[in-house]
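okay, here's the prediction I keep looking at, along with the sequence it came from:
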Amino acid sequence: MNLAFIPSPSTGVIELGPIPLRGYAFCIIIGVFVAVWIGNKRWIARGGKAGTVADIAVWAVPFGLVGGRLYHVVTDYQLYFSDGENWVDAFKIWEGGLGIWGAIALGAVGAWIGCRRRGIPLPAWADALAPGIAVAQAIGRWGNWFNQELYGKPTDVPWALEISEGANRVAGTYHPTFLYESLWCVGVALLVIWADRRFELGHGRAFALYVAAYCAGRGWIEYMRVDEAHHVLGLRLNVWTAIIVFALAVTYIVVSAKIRPGREEIVEPAAAERAGDGTPDAGSGAEDTQDTEGAPDGQDTGGGAGGTGAEAPAGGADPGPSDEDTTPRKDASPQKAEKS
């Protein structure tokens with residue numbers, strides 16, 4: 001008999017009058033807000049504008065939720081489309097079931113749309129958000145605790161998780177894999193923050209490091225789980241996914257470091273002129289204007305397209321904004337400490 005264990009909640013829903021507050025959904029929502037908060041601080045520290053991370057997250061989060069649910073339903077289709085199951089349950093996301101692989105993949109599509117609309121490169125935004133995503137996953141995993149799901153093999157260790165009798169559940173004490181992954185994700189976030197400060201990761205390498213580190217932990221944690229899953233060559237499908245994604249992330253880090261070393265400088269393009277009066281948007285920031293005092297007569301030192309302050313070439317041709325909104329620094333100096 002195990003005398004020490006982690007108890008599971010008796011219910012995953014708290015009734016606030018007519019409104020049910022589900023623990024799983026609450027953890028996901030809190031995780032999203034924390035990720036955006038951390039990403040915003042890191043984006044500003046890199047030279048970006050406040051609010052950009054949140055604006056792009058408006059695109060990334062809905063796409064990510066849809067992608068996460070699609071991956072779960074497709075890889076665990078038997079839970080919804082086999083005999084005796086109700087396919088409508090596939091839409092009940094509040095009951096649990098989000099695949100991080102699908103969430104990141106489709107969330108990246110939403111983020112790409114948001115970045116294109118703001119005129120900033122996706123890799124730079126992903127680097128700023130990377131540790132925040134890991135922290136969001138650490139918080140979100142506690143939703144599995146509320147739902148008493150995704151636990152590991154039976155055990156009698158002092159930190160075992162107590163599971164009560166229920167649908168597709170056998171009462172007992174099991175390895176709390178949700179806790180293992182939550183702690184691992186916190187470690188991943190700290191690793192990315194440290195490595196980013198130490199090596200000044202750029203061009204998507206901080207995000208790739210997060211992906212690789214998460215996959216390394218997910219592989220052994222997944223191996224401990226006992227919930228039903230598809231197997232390929234004796235390994236759970238998610239283990240193979242972790243191995244493949246880990247290899248791709250490491251390859252990207254190595255190749256990217258050779259092709260585009262250093263960290264790019266965040267330069268958000270100037271806000272478009274207001275329609276009708278041609279005046280710059282008030283929120284364009286100090287970087288969109290230049291001090292013209294002392295400039296030779298006839299020369300314009302003000303910010304041109306993109307607020308760069310570059311003069312137009314002879315003949316009046318305007319080169320327009322560069323396709324790349326970031327420029328690598330030749331001699332990167334130590335960055336201001338990022339509080340995240």
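That came through, no problem.

for stretch 211-224, which outside residues touch it?
100, 104, 134, 137, 152-153, 175, 177, 180-181, 184-185, 187-188, 191-192, 235-236, 238-239, 242-243, 245-246, 249-250, 253 (C-beta atoms under 8 Å, 6 or more residues apart in numbering). Every residue, glycine included, has its C-beta placed from N, CA and C.

which ones among those lie within strands?
With strands defined by DSSP state E, the entries of these inside them are Leu235, Arg236.

which of the contacts of stretch 211-224 count as buried?
100, 104, 134, 137, 152, 175, 177, 180-181, 184-185, 188, 191-192, 236, 238-239, 242, 245-246, 249-250, 253 (16 or more other C-beta atoms under 10 Å).

now Ile44: closest residue in space that isn't a chain neighbour?
Ala50 (5.7 Å; C-beta to C-beta, 6 or more residues apart in numbering).

can you classify the one you found by secondary structure?
Of the three states, Ala50 takes coil according to DSSP: H, G, I helix; E, B strand; the rest coil.

what's the spacing between it and Gly102?
Relative to Gly102, Ala50 is positioned 30 Å away (C-beta to C-beta, to the nearest Å).

more neighbours: which of those two?
Remark: of Ala50 and Gly102, Gly102 carries more neighbours, 21 against 12, as counted by other C-beta atoms under 10 Å.

Trp87: neighbour count?
By other C-beta under 10 Å, the residues close to Trp87 number 11.

look up phi and psi at it.
Dihedral pair for Trp87: phi -60, psi -20, per degrees, to the nearest 10.

quick one: pLDDT of it?
Looking at Trp87, its pLDDT is 84.

that one touches Gln78, doesn't it?
No - using C-beta atoms under 8 Å, Trp87 is not in contact with Gln78; the gap is 11.5 Å.

please point out which parts of the host helix or strand of Gly102 sit buried.
Assessed by DSSP states H and E, Gly102 sits inside helix 100-118. Residues of helix 100-118 classed as buried: 100-108, 110-112, 114-115, 118 (neighbour count, 16+ other C-beta under 10 Å).

show me where this structure has helices.
With DSSP state H applied, the chain shows helices at 23-45, 52-75, 78-81, 100-118, 122-140, 142-147, 177-199, 205-224, 237-259, listed in chain order.

out of those helices, indicate the one that is most buried.
helix 122-140 (a mean of 25; mean count of other C-beta atoms under 10 Å).

so what's the residue count around Gly51?
Per other C-beta under 10 Å, the neighbour tally for Gly51 reads 12.

okay, and the helix or strand of the protein with the least pLDDT?
Between all helices and strands in the chain, the lowest mean by mean pLDDT, DSSP states H and E belongs to strand 326-328, at a mean of 45.

tell me where the model's unsure across the stretch 1-150 of the chain.
Residue ranges of the stretch 1-150 of the chain with pLDDT under 70: 1-4.

CA-only coordinates of stretch 39-54, as CSV, when you get a sec.
In CSV, the C-alpha atoms belonging to stretch 39-54 read as follows (Å, rounded to 0.1, in the frame of the first residue of the first chain):
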residue,chain,number,x,y,z
GLY,A,39,7.3,36.8,-25.4
ASN,A,40,6.4,40.5,-25.3
LYS,A,41,9.1,41.2,-22.8
ARG,A,42,11.7,39.4,-24.9
TRP,A,43,10.5,41.1,-28.1
ILE,A,44,10.8,44.6,-26.6
ALA,A,45,14.3,43.7,-25.2
ARG,A,46,15.3,42.8,-28.8
GLY,A,47,14.2,46.2,-30.1
GLY,A,48,10.6,45.4,-31.1
LYS,A,49,7.4,47.3,-30.2
ALA,A,50,5.1,46.5,-27.3
GLY,A,51,1.9,44.7,-28.5
THR,A,52,3.4,43.0,-31.6
VAL,A,53,3.6,39.6,-29.9
ALA,A,54,0.0,39.8,-28.8
